[in-house]
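S.K.: Provide a 3D model corresponding to the input given below.
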Amino acid sequence: MPYHDVVAATRVADAMGNLTEKLTYQGLKDGVAFSLDNKLSFGLTVQLVSAASATLDRRIGTRDRLMRAVQGSLPVGAVVRFYLENRPSTPTDLAQHGPVRKDGSILEQLLVGNFNVLERMRQKGYVSTAEAYLTVTLPVPGRPKKTPYRPEQIAPLIEKAHMIQQRLARQLSVNGMTAQVMTTEQVWGRIMDYHNPSMASTPKPVYQAQFDAADLGGVRVLRKFKNNPKVTKPYVASMRAQVACSDVDLDYDSCFMLGLNRVGVVSFLKPTRNSAIGCTDQILQALGGTHSTLMIEYLVVDVPKVRAEINESLDKQTTAADDPSMKAGREVYSRIATGTALMQELESGQVLTEMSMHAMIYARTQDELDERRERTLAAFSAVGGCMPRVASSGQAIILFLQNAPFSGQRSSYQTGAYYQNAVDCIPQVGPWSGNAKGVLPFRTRSGNVFSITPRALRNAGVVVMAKAGSGKSVLINMLSSGLVHNHDASLTVVDPKRDYLPLFMALGALHSVITVAPNARLPNGKRVCINPFDLPLGETTAGAEKVAYLLELMRALRINDGSGRRISILIEAITVFYRKFSAPQMVNGEEVLVYTGGGTLTGFVDVLRFLNTVGDQSVQSHPLLKQEVSNMANDLRAYTGTTPLGTILDGLTTVDLDSRYLYLDISGMMQYDAMKAIGALLTNELVLQRALRLKGVKVVVQEEGGVARELPELVNITNRLFKTGRSLGIIPILSVQNIEDAQAYAGVINNADTRILLESNPSERAEVARIFELNDAMRALHASLGGEPGRFQEALILQNTSSGGGLNGDVGQLWLSPEAYWMTTSKKEEADLRAQVAEAYFRGDQAAAALYIAQGGDLNATPQHPSFAHSA
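M.R.: Got it, this is the predicted structure:
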């Protein structure tokens, strides 16, 4: 309620004091903060493990390493604090995940418009940046408080602090954690963000380490008139004054105002049972990745001294209990039992210390603060059965100042605990950082943003698996779009469902959409033909891989029945065929036979029909062999000429392998199992040859048609793309839906550095986990995947670490703008609507139709052509 009496309001404000006067900061130099009460503090940034790698064994190992490092590196009396800050993301933080700005193409506008969804979420506070860091506070004994340091005094203190800081960083790093020394800028940034929550999403002012002339003049005025209330005091840019950029208002019951934010404090009061690994996970979920700071503090103690004090107290209690004259009651025996149990714990390696834990919550409205504080309070209650409390406004400001980073103070509500209890409360799981210069951004469940790109990894291959209708084609559409735009990549798609047609229309590559089917025609009127005998660029004759491919194709054509005789005949025919259509050329100074590319299926049938020998056997001398060769030639002739499959197989390749974009629509080959297998083999071999010909980055999308389990050679072709991909600039993206195909592609999956799982059927999760080598944490994340239709879809993103430490990753939410959603959706009713609008209004242009629908166009009127610039 506002004060009506201005005089009374002024008097109350004076009584409350000033935030600047309450702060203890004295100065900051070389990453070390000094306080007025003779304390110095330094910090280490800590990289938390991702949710996907946070198994129970790893958590226990990390906890034990942290305890050993702290106990072995820090002196007695040091105060250790762990901070996990979630603060609103700055425009600069988020911009690094955005698309590269180039020429304003339709594809760029699509990606920018989709990225703007995250930007709008950031502006509303739904995108945050998390940072974990460890601070250590040491006493500086033997000097008066609130006195300035001389250079000769401060230098050895900084040297000592740096020595301890680097030793602790080494101990943590040697034990498997990633810790880095905090610089002056980092320390200053954490102090500024804590005390000025309204400025958290803006660039920080630079710390002014020394007074300028005006400041020194102000200091002289303050000293001269410090006891004269009538004199207007000048502003002096001390560290305290630089920090205190936000007003404090205590005129609230259960919080206080700091700048434009309400601040509430929830504190851990007293534990009532043992802690457990990850016990603060619930608190982090309750805080929800919004603006908050979680702080855990504990004291480094003299272990022998603590044990001796407890032992001495226990001896006194035992003596009193044994002396009848003392008339000890039941309480003494209870203390003896408790003390004996405590000594047993200490003798087993536990260390008794003092700890405290607090959550500082920032909110813009009272309703938001109440709702988040209620969730946090419930989460605190579940941590070891502790008794939490919500601070009143008067107590909250005291706790807030005590808990400030690098302030040198001890927090209130200290409670007895073991080192293990304190470290159990330290969060170990944090946001995954993804890849630098990623092309596809995701929002995590806690509000952080990461982006991925397969190009920066050891193996650029990507495998995406999900059940039907779970959004995998949407995700692959967006990933492919980002790669094509950011890296000027070529794009090849093999797809039986036409899910990527709008993307090709947005690229202006409709002429590159080719239907692979009997009697199909290219846009220029020529028939579609893919010559299976073409060799990859640089090869002079058929090698072992090409022979294996042709044998697999003959098996799909029912010519190769797997018998040794037929395989021998086909191998001999292949050898003769390539020799017949070769001509001598000089290669590296030597004359060799080089395949000219003129052979067709009809030519192969002729070679087969007139085959003279198979191995060391004469065909004419062996009637059974002669009959077998004749039967094979006659059977194969049914696939030549103008027969349905002959139109595709028999002739020179008419598909342009050098075009930047190529879409192979194999829906026409999916009617029968035999045609499905032939189509998959033809197109995948074509894709491999095309990838070897093109320059630069090459994105290859393979939508699996459900035939891998029957065609081992198809798996081998895909495996070649994944194994040789990075050296050739190839980024293969394989989409798998059936569990049987996943089993067939197990080797490919294990060779892929990026593995993406969307929602799957519960009955298949155990087998998916086995194939994708998921640990217990990943299995739990996979089972929890979901999303909101029309808004976002969750995916488990896993990548091999560069250090060889196995898979790492997190659950990412792919948020879509309406334009991106309608451009990529493959749901039947939505895809049908997009196609109908395209035919009715835009001459079949589905990209324009998607945009028109997304912008709320009237489907009953004649529309104007929509603009991506409008949507972005």
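
S.K.: Which other helices and strands does the longest helix along the chain contact?
M.R.: The longest helix of the chain (DSSP state H) is helix 151-174. Using 3 or more C-beta pairs under 8 Å, 6 or more residues apart in numbering; DSSP states H and E as the contact test, the elements touching helix 151-174 are strand 32-35, strand 39-47, helix 56-73, strand 128-139, strand 178-181. No exception for glycine: its C-beta is placed from N, CA and C like everyone else's.

S.K.: how far off helix 56-73 does that helix point, in degrees?
M.R.: Note on geometry: by axes from the mean of the first three to the mean of the last three C-alpha atoms, to 10 degrees, helix 151-174 and helix 56-73 are set 150 degrees apart in direction.

S.K.: what sits up against stretch 679-687?
M.R.: Identification of contacts with stretch 679-687 by C-beta atoms under 8 Å, 6 or more residues apart in numbering yields 492, 494, 516, 530, 532, 549, 552-553, 556, 648-649, 653, 655, 657, 664, 666, 668-670, 700, 702, 705, 707, 711, 713-714, 717-718, 721.

S.K.: ok now it, how far from the chain's centre?
M.R.: Remark: stretch 679-687 is offset 33 Å from the chain centroid, using C-alpha atoms, centre = their mean, to the nearest Å.

S.K.: can you tell me which residues contact residue 639?
M.R.: 557, 601, 645-646, 649-650.

S.K.: and which of these is nearest to residue 220?
M.R.: Closest approach between those and residue 220, by C-beta to C-beta: residue 649, at 95.3 Å.

S.K.: In this structure that closest one contacts residue 534, no?
M.R.: No - using C-beta atoms under 8 Å, residue 649 makes no contact with residue 534, being 11.8 Å away.

S.K.: who has more neighbours, those two?
M.R.: Using other C-beta atoms under 10 Å as the criterion, residue 649 and residue 534 rank with residue 649 on top: 25 against 18.

S.K.: gap between that one and residue 529?
M.R.: For residue 649, the distance to residue 529 equals 8 Å [C-beta to C-beta, to the nearest Å].

S.K.: Repeat that for residue 40.
M.R.: 78 Å.

S.K.: Can you give the domain ranges for this protein?
M.R.: According to automatic domain parsing, the chain comprises the domains 206-244, 306-350, 440-854.

S.K.: Which of the helices and strands in the chain ranks last by mean pLDDT?
M.R.: Of the helices and strands making up the chain, the lowest-confidence element is helix 868-871, at a mean of 42, by mean pLDDT, DSSP states H and E.

S.K.: returning to that earlier point: the more surrounded of residue 40 and residue 529?
M.R.: Higher neighbour count among residue 40 and residue 529: residue 40, with 24 against 21, using other C-beta under 10 Å.

S.K.: That one contacts residue 140, doesn't it?
M.R.: Yes - taking contacts as C-beta under 8 Å, residue 40 lies within contact range of residue 140: 5.8 Å.

S.K.: Helices of the stretch 251-400 of the chain, start to end?
M.R.: Along the stretch 251-400 of the chain, the segments classed as helices by DSSP state H, counting those that start in this stretch run 281-287, 303-322, 330-347, 366-381, 393-402.

S.K.: Could I get the average pLDDT for the last one?
M.R.: Going back to what we said before, that points to helix 393-402. In this model, helix 393-402 has an average pLDDT of 87.

S.K.: now do the shortest one
M.R.: Throughout helix 281-287, pLDDT has a mean value of 84.

S.K.: Can you tell me what sits against it?
M.R.: If you take C-beta under 8 Å, 6+ apart as the criterion, helix 281-287 is touched by 84, 86, 294, 359, 361, 372, 375-376, 378-380, 382-383, 427, 429, 446.

S.K.: can you do 7 Å?
M.R.: Helix 281-287 has contacts (C-beta atoms under 7 Å, 6 or more residues apart in numbering) with 86, 294, 359, 375-376, 378-380, 382-383, 427, 429.

S.K.: Tell me the one among the residues you listed nearest to residue 365.
M.R.: Nearest to residue 365 among the contacts of helix 281-287 is residue 375, at 15.4 Å by C-beta to C-beta.

S.K.: circling back to that earlier point, ranking the domains of the chain by burial, who's on top?
M.R.: For these, the largest average neighbour count (mean count of other C-beta atoms under 10 Å) is found in domain 440-854, namely a mean of 19.

S.K.: Show the end-to-end separation of that one, please.
M.R.: By C-alpha to C-alpha, to the nearest Å, the extent of domain 440-854 from end to end equals 21 Å.

S.K.: now do stretch 501-516
M.R.: End-to-end distance of stretch 501-516: 15 Å, with C-alpha to C-alpha as the criterion.

S.K.: Could you measure from residue 580 over to residue 188?
M.R.: Distance from residue 580 to residue 188, by C-beta to C-beta: 77 Å.

S.K.: list the helices and strands whatever helix or strand residue 634 lives in packs on?
M.R.: Following DSSP states H and E, one finds residue 634 within helix 623-637. Contact here means 3 or more C-beta pairs under 7 Å, 6 or more residues apart in numbering; DSSP states H and E; on that basis helix 623-637 packs against helix 564-580, helix 601-609.

S.K.: With distance to residue 151 added, can I get these in JSON lines?
M.R.: JSON lines is the format used below for those (distance: least, C-beta to C-beta, whole Å):
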{"stretch": "helix 564-580", "distance to residue 151": "83"}
{"stretch": "helix 601-609", "distance to residue 151": "88"}
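
S.K.: Can you lay out the ones you listed as TSV showing mean pLDDT?
M.R.: Listed next are the helices and strands packed on helix 623-637 as TSV, based on pLDDT from 0 to 100:
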stretch	mean pLDDT
helix 564-580	95
helix 601-609	95
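
S.K.: what's the helix or strand hosting residue 417 packed up against?
M.R.: Assigned by DSSP H and E, residue 417 belongs to strand 415-418. With contacts taken as 3+ C-beta pairs under 7 Å, 6+ apart, strand 415-418 sits against strand 352-363.

S.K.: For the strand it packs on, what does the pLDDT average out to?
M.R.: Here strand 352-363 scores 90 as its mean pLDDT.

S.K.: the inter-axis angle of that strand versus helix 330-347?
M.R.: Going by the same axes, to 10 degrees, strand 352-363 makes 90 degrees with helix 330-347.

S.K.: Just checking: what are the partner strands of strand 352-363?
M.R.: When sheet partners are counted by DSSP bridges, strand 352-363 sits next to strand 261-268 (antiparallel), strand 292-299 (antiparallel), strand 415-418 (antiparallel).

S.K.: give the contact list for the one residue sitting closest to the centre of the chain.
M.R.: Taking C-alpha atoms, centre = their mean, the centroid of the chain lies closest to residue 434, which sits 3.9 Å from it. By C-beta under 7 Å, 6+ apart, the residues touching residue 434 are 450-452.
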